[in-house]
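1. Dropping the sequence and predicted coords here.
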Amino acid sequence: MFETLSDRLSGVFESLTKRGSLSEKDVSAAMREVRRALLEADVALEVVRDFTERVKEKAIGQEVVKSVTPGQMVVKIVHDELVATLGSEAQTIDLNAPAPVPIMLVGLQGSGKTTTCAKIAKRLTDREKRKVLMASLDTQRPAAQEQLKILGEQAEVDTLPIVEGQSPTQIAKRAMEAARLGGYDVVMLDTAGRLHVDEALMAEMAEIRDISEPHETLLVADALTGQDAVHLAKSFDERVGISGIVLTRVDGDGRGGAALSMRAVTGKPIKLIGTGEKLDGLENFHPERIAGRILGMGDVVSLVERAAETIEAEQADRMAERMRKGAFDLDDLSTQLGQMQKLGGMSSVMGMLPGIGKMKKQIDSSGLDDSFIKRQRAIISSMTRHERRSPKVLNASRKKRIAAGSGTSVQEVNKLLKMHRQMADTMKKLGKNKGMLSQLMGGGGM
Ligand code: GDP
């Protein structure tokens, strides 16, 4: 799947990999190509626009990690944004509710609803050892109920006995009752489809929803219908309310437009994908893996990740060396704070910095968050080079100037200096043990 998009994208980066530096012009040119490739893959225009803007913003001015090319760097950024667009976290069917958990499937005729119903039931039975009951509420298509019964036999999953002449809502009530009495864990309701969305269909779905109160309402949509599938998800969500999407026929989808747009446009996660006609043709939707398949450049992505890790380890070693010599100045502190910011805030890395434990109380009162780190760095960057190297020269008037320049107070400047002194002292003491310091700084063999 996604062959076309994958081919088009790899071409885009080939030209970029040959360039020495990442200029706005290069990035813009590459993004024009990416935009064209995405549009050709039938990705929604708004998603394409948003996507290329985000990549551009991150790519221009991005520091290119040593030992990778600018083009490789862009591949990594595009990859990360693809993952974000697809929904970041893999989501599955949620069964966290009192049994029998009702799961309702909705969608147009021919989208693969009945097949998907049996696929999910089989998976829940085989892998999760749940007792599942399936019921077809499709009284429109003559053979629909019979079709589910046959699939149930293949999957070795129970189906609700067929009673001629019942309405969908009557069947829904009977299914819920049978599931309760029969001690089933899950009851799957396969509803009727139509060729198009119409008011009668939506009203019927809403009525069944009110009777069965489904824990999951899954829209089954055909990936091959591209943007129609996305619009469909939107209207079903507005009218009936859906909790997730199963995208079928992904095995035949060379473009991937529906998969890429679905999350961004509807805000609903793709929970599963159908990858074949057989009952085992069902897979979890992993944004990471899908992004990898779309881009077809998994090796480049991991190369950039590894290179970035190496750089950080080298930086940590360099830092440890300076500390060993007792040369930890305010520039070094700023670098450290910057790394903390990247690692996601102060509290998570608190223990990594020697001497900072003593300061914990003081910092606590100012909040252990990003904004605290930002203020600290602002103070340091308001100092002259000389002041940063030799904090001793900081007298009252200099501190006042720095406080004004960084939008903080003299008191905060004093706090920062005290923190730096305590850290530098502890580090000097620790400095005799090079290995330990290196470890504390997160480098050297950790
Ligand atoms: P319904 O009308 O929505 O219930 O659709 P069906 O379940 O009857 O499916 C219609 C056709 O699509 C059948 O021939 C299925 O075998 C086929 N189908 C369903 N899901 C997939 C899928 O993920 N991949 C492929 N290739 N075919 C599928």
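-> That came through, no problem.

2. What's the end-to-end length of stretch 403-410?
-> 5 Å (C-alpha to C-alpha, to the nearest Å).

3. what distance separates that stretch from the middle of the whole chain?
-> Relative to the chain's own centre, stretch 403-410 is displaced by 38 Å; criterion: C-alpha atoms, centre = their mean, to the nearest Å.

4. and what of stretch 271-288?
-> Worked out by C-alpha atoms, centre = their mean, stretch 271-288 lies 18 Å from the chain centre.

5. CA atoms of that stretch as CSV?
-> The C-alpha trace of stretch 271-288 is given here as CSV (Å, rounded to 0.1, in the frame of the first residue of the first chain):
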residue,chain,number,x,y,z
LYS,A,271,-8.4,1.9,15.0
LEU,A,272,-8.0,-1.0,12.6
ILE,A,273,-7.3,-1.5,8.9
GLY,A,274,-8.7,-4.2,6.7
THR,A,275,-5.9,-5.8,4.6
GLY,A,276,-7.7,-8.6,2.7
GLU,A,277,-10.8,-10.5,2.1
LYS,A,278,-10.0,-13.3,4.5
LEU,A,279,-11.0,-13.2,8.1
ASP,A,280,-7.4,-12.7,9.3
GLY,A,281,-7.0,-9.7,7.0
LEU,A,282,-7.2,-7.2,9.9
GLU,A,283,-4.4,-5.2,11.4
ASN,A,284,-3.9,-2.6,14.1
PHE,A,285,-3.3,0.8,12.8
HIS,A,286,0.2,1.9,13.9
PRO,A,287,1.0,5.5,12.9
GLU,A,288,4.7,4.9,13.2
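
6. in this protein, which spans are strands?
-> 101-106, 132-136, 158-159, 186-190, 216-222, 244-248, 270-274, 282-284 (DSSP state E).

7. can you list the residues of the stretch 51-200 of the chain near the ligand?
-> The stretch 51-200 of the chain comes close to the ligand at residues Gly107, Gln109, Gly110, Ser111, Gly112, Lys113, Thr114, Thr115, Gly193, as judged by C-beta under 6 Å from any ligand atom. For the C-beta atoms, the positions are set from N, CA and C on the backbone; glycine is no exception.

8. The closest residue to the second one other than its chain neighbours: neighbouring residues, count only.
-> In space, Gln109 comes closest to Gly193 once its chain neighbours are excluded; the distance is 3.4 Å by C-beta to C-beta, 6 or more residues apart in numbering. When neighbours are counted by other C-beta atoms under 10 Å, Gly193 registers 22.

9. now do Leu181
-> 9.

10. Angles on the backbone of the residue nearest to the spatial centre of the chain, please.
-> Central residue of the chain (C-alpha atoms, centre = their mean): Ser88, 1.2 Å from the mean position. With angles defined as degrees, to the nearest 10, Ser88 sits at phi 60, psi -70.

11. OK, contacts around it?
-> For Ser88, the contacting residues are Pro287, taking C-beta atoms under 8 Å, 6 or more residues apart in numbering as the criterion.

12. can you tell me how far it sits from Glu81?
-> 11 Å (C-beta to C-beta, to the nearest Å).

13. okay, the residue lying closest to Val220 once chain neighbours are set aside: pLDDT?
-> Excluding the flanking residues, the one nearest Val220 by C-beta to C-beta, 6+ apart is Gly107, at 3.8 Å. pLDDT for Gly107: 92.

14. Surely Gly107 touches Lys113?
-> Yes: counting by C-beta atoms under 8 Å, Gly107 does reach Lys113; the two are 4.8 Å apart.

15. With neighbour numbers in mind, choose between those two.
-> Gly107 (30 against 27).

16. before we move on, back to that, let me have the strands of the chain in JSON lines, extended by mean neighbour count.
-> Below are these laid out as JSON lines (neighbours: other C-beta atoms under 10 Å):
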{"stretch": "strand 101-106", "mean neighbour count": "25"}
{"stretch": "strand 132-136", "mean neighbour count": "27"}
{"stretch": "strand 158-159", "mean neighbour count": "23"}
{"stretch": "strand 186-190", "mean neighbour count": "29"}
{"stretch": "strand 216-222", "mean neighbour count": "26"}
{"stretch": "strand 244-248", "mean neighbour count": "27"}
{"stretch": "strand 270-274", "mean neighbour count": "24"}
{"stretch": "strand 282-284", "mean neighbour count": "17"}
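
17. how near is Gly257 to Leu39?
-> 9 Å.
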